[in-house]
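In: Predicted coordinates and the sequence they were generated for:
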Amino acid sequence: MTPTTPNFNHLHNRFMTERHVLVGEAPDRPDYLPQHHWEYFALADAARAAGWELEDTETTLRNQLTSWLARVLRGQG
C-alpha cells in the first residue's frame, strides 16, 4: 500500500515539530510526499548525516550462512 498525500498532511497536522522528514530507500523524493512541510532523505544520506552505520545485507547474509554452516559441521564431527 502506497502512502498518499493526505496521509502525510494528517501526520503533519497531528504532530507539531520543527521538521517532518521521510527517510526512504528511493534515491529521489516520492511523488506522494507533499512539497510543503516535508523533507525527504534517501536512507544512505540520512545515515551519513546521523553518523549511522548501515549493514551490507549481502555481507550480513553471508556471515549468517557461514556461521550456520560452521555450527552444522561442528555438530557432525
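Out: Everything's here; your move.
In: Spit out the contact partners of L22.
Out: By C-beta atoms under 8 Å, 6 or more residues apart in numbering, the contact list for L22 reads 8, 30, 33, 38-41. (Glycine included, C-beta is placed from N, CA and C.)
In: try 6 Å
Out: Applying C-beta atoms under 6 Å, 6 or more residues apart in numbering, one finds that L22 lies in contact with 33, 40.
In: Can you show me the strands along the protein?
Out: Along the chain, counting by DSSP state E, strands occupy 21-24, 39-42.
In: mind listing what's buried in the last one?
Out: Which is strand 39-42. Within strand 39-42, the residues scored as buried using 16 or more other C-beta atoms under 10 Å are F41.
In: Please name every helix or strand in contact with that strand.
Out: strand 21-24 (3 or more C-beta pairs under 6 Å, 6 or more residues apart in numbering; DSSP states H and E).
In: what pLDDT, on average, does the strand it packs on get?
Out: Mean pLDDT, strand 21-24: 94.
In: One more: stretch 57-77?
Out: On average, stretch 57-77 scores 77.
In: Determine how far it lies from the middle of the whole chain.
Out: Relative to its parent chain, stretch 57-77 has a centroid offset of 26 Å by C-alpha atoms, centre = their mean, to the nearest Å.
In: Please point out which parts of that stretch sit buried.
Out: Buried, per 16+ other C-beta under 10 Å, within stretch 57-77: nothing.
In: any residues touching it, and which ones?
Out: Outside stretch 57-77, not one residue touches it by C-beta under 6 Å, 6+ apart.
In: one step back: can I get the strands of the chain in a markdown table including distance to L65?
Out: Converted to a markdown table, the strands of the chain look like this (distance: least, C-beta to C-beta, whole Å):
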| stretch | distance to L65 |
| --- | --- |
| strand 21-24 | 28 |
| strand 39-42 | 28 |
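In: G24: how many residues sit nearby?
Out: By other C-beta atoms under 10 Å, the residues close to G24 number 14.
In: Could you double-check that H12 lies in contact with H37?
Out: Yes. Between H12 and H37 a contact is recorded at 4.8 Å, counting by C-beta atoms under 6 Å.
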